[in-house]
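Peer 1: sequence and predicted structure, then a few things I'm wondering about:
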Amino acid sequence: QLQLVESGGGLVQPGGSLRLSCAASGFTLGYYAIGWFRQAPGKEREGVSCISSSGGSTNYADSVKGRFTISRDNAKNTVYLQMNSLKPEDTGVYYCAARYGDSNSYYYTSEHEYHYWGQGTQVTVSS
């Protein structure tokens, strides 16, 4: 059974850091492009970052550029989102999503392009 499990969320003060993990089971993550999305209370889900199956191509939302870094370790079947200089507006439930990559250099920015989703992990940035 194909499954994605996010972890690493929590409560952090503004300016702090967290590293989220997205672990895959039931399939070989190395063939899949991955996206990170988040949803704040009362708001629609938005894209945060995405990465091609090879890891060679990445994309970031303007709001997180220079602060967040997406990476992957296909040998560990895991994708990471390193989040630094966190702000209160980064608060939300963070989801990872996967889709089979049409090319190992493609990434996908729209949530509608993804086929598999994790259950989400809560990130709260507050003093």
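Peer 2: In hand now; what should we look at?
Peer 1: now do the buried residues in stretch 86-105.
Peer 2: 86, 90-99, 101 (16 or more other CB atoms under 10 Å). Glycine gets a C-beta too; all of them are placed from N, C-alpha and C.
Peer 1: and which of those residues is nearest V79?
Peer 2: The shortest gap between V79 and any of those belongs to C96, at 6.3 Å (CB to CB).
Peer 1: check contacts around Y107.
Peer 2: Taking CB atoms under 8 Å, 6 or more residues apart in numbering as the criterion, Y107 is in contact with 33, 35, 50-52, 57-59.
Peer 1: middle-most residue in this structure, spatially?
Peer 2: Residue closest to the average C-alpha location in the chain (CA atoms, centre = their mean): W36, at 2.5 Å.
Peer 1: for it, helix, strand, or coil?
Peer 2: Three-state assignment for W36 (DSSP: H, G, I helix; E, B strand; the rest coil): strand.
Peer 1: does it really touch L20, like I thought?
Peer 2: Yes: with contacts counted by CB atoms under 8 Å, W36 reaches L20, the gap being 7.2 Å.
Peer 1: identify the contacts common to the two.
Peer 2: 81, 94, 96.
Peer 1: the last one belongs to a strand, doesn't it?
Peer 2: What that stands for is C96. Yes: the assignment for C96 by three-state DSSP puts it in a strand.
Peer 1: isn't I34 up against G101?
Peer 2: No: with contact defined as CB under 8 Å, I34 does not reach G101; the gap is 9.3 Å.
Peer 1: out of the shared contacts of W36 and L20, which is nearest to E46?
Peer 2: Y94 (10.7 Å).
Peer 1: the residue nearest to the closest one when sequence neighbours are not counted: how many residues sit nearby?
Peer 2: The spatially closest residue to Y94, leaving aside those adjacent along the chain, is R38, at 4.8 Å (CB to CB, 6 or more residues apart in numbering). Residues near R38, counting by other CB atoms under 10 Å, number 24.
Peer 1: cool, and E46?
Peer 2: With other CB under 10 Å as criterion, E46 counts 13.
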